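Q: Can you look at this prediction? I've put the sequence above it.
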There are 2 protein chains.
Amino acid sequence: MSARDEFDDLCQEKRPKDSVRTITDLAGIAGVSAGTVSRALANSSLVKARTRDRIQALAREYGFRPNQMASNLRRQKTGVVGVAIPLGHDRHQQVSDSFFMTLLGHLADELTDKGFDLMLRRVIPDRDEDWLDKFIGSGMIDGLIVIGQSDQFDRLEDVADGYRAMVVWGNHREGQRHCVVGTDNRLGGRLAAERLIADGAKAIAFLGDTGPIEFGARFAGAQEAAQRLGVPIKAFPTHLSRDVMQGEVARYLPGLIKDYDGIFAATDTIGVAVLHQLAKMGVHLPDQVRLVGFDDLPIASQTNPPLTTIRQDIRAGAQSMVDLLLRRIAGHTSESVVMPPQLILRGTA
Amino acid sequence: MSARDEFDDLCQEKRPKDSVRTITDLAGIAGVSAGTVSRALANSSLVKARTRDRIQALAREYGFRPNQMASNLRRQKTGVVGVAIPLGHDRHQQVSDSFFMTLLGHLADELTDKGFDLMLRRVIPDRDEDWLDKFIGSGMIDGLIVIGQSDQFDRLEDVADGYRAMVVWGNHREGQRHCVVGTDNRLGGRLAAERLIADGAKAIAFLGDTGPIEFGARFAGAQEAAQRLGVPIKAFPTHLSRDVMQGEVARYLPGLIKDYDGIFAATDTIGVAVLHQLAKMGVHLPDQVRLVGFDDLPIASQTNPPLTTIRQDIRAGAQSMVDLLLRRIAGHTSESVVMPPQLILRGTA
DNA sequence: AGACAAAATGCAAAGGTTTGCAATTAAAAA
DNA sequence: TTTTTAATTGCAAACCTTTGCATTTTGTCT
């Protein structure tokens, strides 16, 4: 064997890592066909155990990993679930909104557990009419989770028949076509109002935007209970964007508490802002004013006094959404899930 | 023309939507080649304006959208940035952790603005040694953002030379190789301790886990200031998982406040838990005990009393990370960014 | 009308895997 | 040893776009 041969041989053995980029490269090294390598790496029982181990060892050695994109293309699936957050009713609301984030966190946990990746997209429907079809048609996702209907109810309905692998967080309306998971907002609103009244409220202020369907239902429920019990109620439009919200709350409250002694905050984030403002004003809860929030976010239990609120089980919701979605991806059908809200009595009502 | 011909013609015209799945299908309808369609849809100036418009109109009509996966494969890029959240030092900590979520929200906003999608992955390094190479090698992402070094500093260093398109949120250490964006935690720790002492604290308790490098630096900074000023300081290991944390805080505090009158919470979430527990115990801030948090999360300003804390500019951090990453994806180099922390005086110290 | 340049289009390879089917090899049965 | 069956492996098509290069069409200038 000549010196040159030895050298070549050495090169062969210590082939630089990045020279093996494709399954075919690895096949060449292993002395088998590309198909066999593919099967070996997929742990297929079609390939002999010894060959499989050998190939896997080689793959490890060369740091080889099959190209996902090619695999996705061939298999026509991606192992990725899209998560869209439409910011329709409140353009300034950031993804950083607390409720969305909490739900998103649980979704991430659930999806990861089931072996899916999560592709996050913030969409502004007003700025891009076509967002839903675009995301679905991108071919990048096996299914889609939409967090919040915002003002996109109709668009979601349009798409629901043609695209099954979609689950939406939001409010359920009789006979709707898109699969939704959410809390019975109307009932939640009723519970809140009933609690405020039971605690002695003579007039109720609803702080929130009644436009988005979820919040509208909360208000409607509260209205229903209030009317039934003969208590006046009025809505004060409040946005979710932190800065805007704080300003609004600060402007409303001083006048508001003269006429209203019960406050129903459409979300805990608003509730916390109210709490903060009341503290600033030296108003004492729950004697002078009663306050009920909605969501039961982590913050709710940490305020002082802790916030009485209507609980949505966000974690259970996330689990349901993922379950339903996977069932739909597998081609089965699935019904919507409406979860019962729960009154959590704490210090503010 | 026979009735049959007319029928066929009709079918041709009203070709069902889903029969045009590929660029080639559309090319057939438009009477051009696939290449031209591809260029037309990409708004290439190589194709005549009239043809281009016609093709785009057809694409709209048939609801056709080119398959991303195939496009990605061919172009060798995806327009997706990976975001990994390693949960190393605290296995039970959920993605739902407040700080991560806030940072993630800003990242989503930034990346969306720049036209990138965001692929989120929660990783548990202990359970999957190979997480980093896997994500990078997946071929699914053009670049990677890692939120938090956790206990993965060495692994990140290993990878940094071979894979440039990575930016990490975390602590900067002299001479490190991976590109990092973060706050000067050591300085932050010093500011916190100095403030506590200036406010009259005679002994400082640090509540947090000193293992993760970021928190370790915070403690080190506080220690340095305390020693310089002759004040004793001690660390009380506290985890980030909400339930665990609350238990620990509840267990520590009753005994702790006998010996310590200054508390430095490693994060605002811990700070809020402390605040809550102190309120329960009827301890008054900031007379009996002083408390400083870290992060300046949205909650910090909403507690009662509002939390004095060390601010990290999370939004600016997110922007930096995205900027640096895009520069790196484009093949340029970029240095780490260390942002100055800022003491935010509120009601607890 | 012819020559030439420029614009528009077509062709086909490349990107890397997966998988049905055919071909080979190994094992079992005769 | 030969035949039959089962276990492995190889082959090549399919997944769908993009893009360099070649070819055709269009337009301009003599």
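A: Structure's in. What do you need?
Q: Excluding residues flanking it in the chain, which one is nearest the residue of the stretch 151-300 of chain A found nearest DNA strand C?
A: For the stretch 151-300 of chain A, the residue closest to DNA strand C is A:Ala165, as judged by C-beta to the nearest atom of the strand, at 18.6 Å. Quick note: C-beta positions are derived from backbone N, CA and C, even for glycine. Nearest residue to A:Ala165 in three dimensions, chain neighbours excluded: A:Gly143, at 3.8 Å (C-beta to C-beta, 6 or more residues apart in numbering or on different chains).
Q: I'd like to know how far A:Val81 sits from B:Arg155.
A: Per C-beta to C-beta, to the nearest Å, A:Val81 is found 27 Å from B:Arg155.
Q: of these two, who's got more company?
A: A:Val81 (25 against 21; other C-beta atoms under 10 Å in any protein chain shown).
Q: Check the secondary structure at the more buried one for me.
A: Using DSSP: H, G, I helix; E, B strand; the rest coil, the structure places A:Val81 in strand.
Q: what is it paired to in the beta sheet?
A: When bridges are called by DSSP bridges, A:Val81 pairs up with A:Leu118, A:Gly143.
Q: and if you look at A:Ile204?
A: On the basis of DSSP bridges, A:Ile204 takes part in beta bridges with A:Ile233, A:Gly262.
Q: need the contact list for it.
A: A:Ile204 is in contact with A:193, A:196-197, A:222, A:226, A:231-234, A:260, A:262-264, counting by C-beta atoms under 8 Å, 6 or more residues apart in numbering or on different chains.
Q: ok, which pair from those is furthest apart?
A: A:Ile197 and A:Lys234 (14.7 Å; C-beta to C-beta).
Q: what's the spacing between the residue nearest to A:Ala165 and A:Met166?
A: Using C-beta to C-beta, A:Gly143 is found at 7 Å from A:Met166.
Q: Can you get me a residue count around the closest residue to A:Leu46 other than its chain neighbours?
A: Among residues not flanking A:Leu46 along the chain, A:Arg39 sits closest, at 5.4 Å (C-beta to C-beta, 6+ apart). Using other C-beta under 10 Å, A:Arg39 has 18 other residues around it.
Q: My read is that A:Arg39 contacts A:Lys48, right?
A: No - assessed by C-beta atoms under 8 Å, A:Arg39 is found out of contact with A:Lys48, at 10.4 Å.
Q: Please say which of A:Ile197 and A:Lys234 ends up with more neighbours.
A: Taking neighbours as other C-beta under 10 Å, A:Ile197 and A:Lys234 compare with A:Ile197 leading, 23 against 14.
Q: The more buried one touches A:Gln227, doesn't it?
A: No - taking contacts as C-beta under 8 Å, A:Ile197 lies outside contact range of A:Gln227: 11.2 Å.
Q: which regions of the stretch 1-150 of chain A lie under the pLDDT threshold?
A: For the stretch 1-150 of chain A, the stretches flagged by pLDDT under 70 are A:1-18, A:88-97.
Q: pretty sure A:Asp151 contacts A:Ile124?
A: No - if you go by C-beta under 8 Å, A:Asp151 and A:Ile124 don't touch, sitting 11.5 Å apart.
Q: check contacts around A:Tyr260.
A: Neighbours of A:Tyr260 in contact, by C-beta under 8 Å, 6+ apart: A:Ala201, A:Ala203, A:Ile204, A:Ala205, A:Lys234, A:Val289.
Q: try 10 Å this time
A: When contacts are counted by C-beta atoms under 10 Å, 6 or more residues apart in numbering or on different chains, A:Tyr260 touches A:196, A:201-207, A:232-234, A:236, A:252-253, A:289-290.
Q: Can you turn the buried part of those into a ChimeraX selection?
A: Selection of the buried residues among the contacts of A:Tyr260 in ChimeraX, burial being defined by 16 or more other C-beta atoms under 10 Å in any protein chain shown:
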select /A:196,201,203,204,205,206,207,233,236,252,253,289,290
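Q: any idea which of the contacts of A:Tyr260 is closest to A:Gly170?
A: Using C-beta to C-beta, these come closest to A:Gly170 at A:Phe206, 19.1 Å.
Q: what about the closest one, helix or strand, and which?
A: strand A:204-207 (DSSP states H and E).
Q: Let me see the ranges of the strands in the stretch 1-150 of chain A.
A: Per DSSP state E, counting those that start in this stretch, the stretch 1-150 of chain A carries strands over the ranges A:80-86, A:117-123, A:143-147.
Q: can you redo the ones you listed as CSV with distance to B:Met119?
A: Listed next are the strands of the stretch 1-150 of chain A as CSV, based on distance: least, C-beta to C-beta, whole Å:
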stretch, distance to B:Met119
strand A:80-86, 7
strand A:117-123, 5
strand A:143-147, 14
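Q: Quick one: those strands as TSV, columns for distance to DNA strand C too.
A: Output for these, formatted as TSV (distance: least, C-beta to the nearest atom of the strand, whole Å):
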stretch	distance to DNA strand C
strand A:80-86	15
strand A:117-123	15
strand A:143-147	18
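Q: Next up, the contacts around the closest residue in space to A:Lys202 that isn't next to it in sequence.
A: Spatial nearest neighbour of A:Lys202, excluding adjacent residues (C-beta to C-beta, 6+ apart): A:Asp261 at 5.7 Å. Counting by C-beta under 10 Å, 6+ apart, A:Asp261 makes contact with A:196, A:199-205, A:286-290.
Q: from what I can see A:Leu187 touches A:Pro340, true?
A: Yes - under the criterion of C-beta atoms under 10 Å, A:Leu187 makes contact with A:Pro340 at 6.9 Å.
Q: Give me the phi and psi angles of the residue of the stretch 101-250 of chain A at minimum distance from DNA strand C.
A: Here the residue of the stretch 101-250 of chain A nearest DNA strand C is A:Gly139; by C-beta to the nearest atom of the strand that distance is 12.1 Å. Note on A:Gly139: backbone dihedrals following degrees, to the nearest 10 are phi 70, psi 10.
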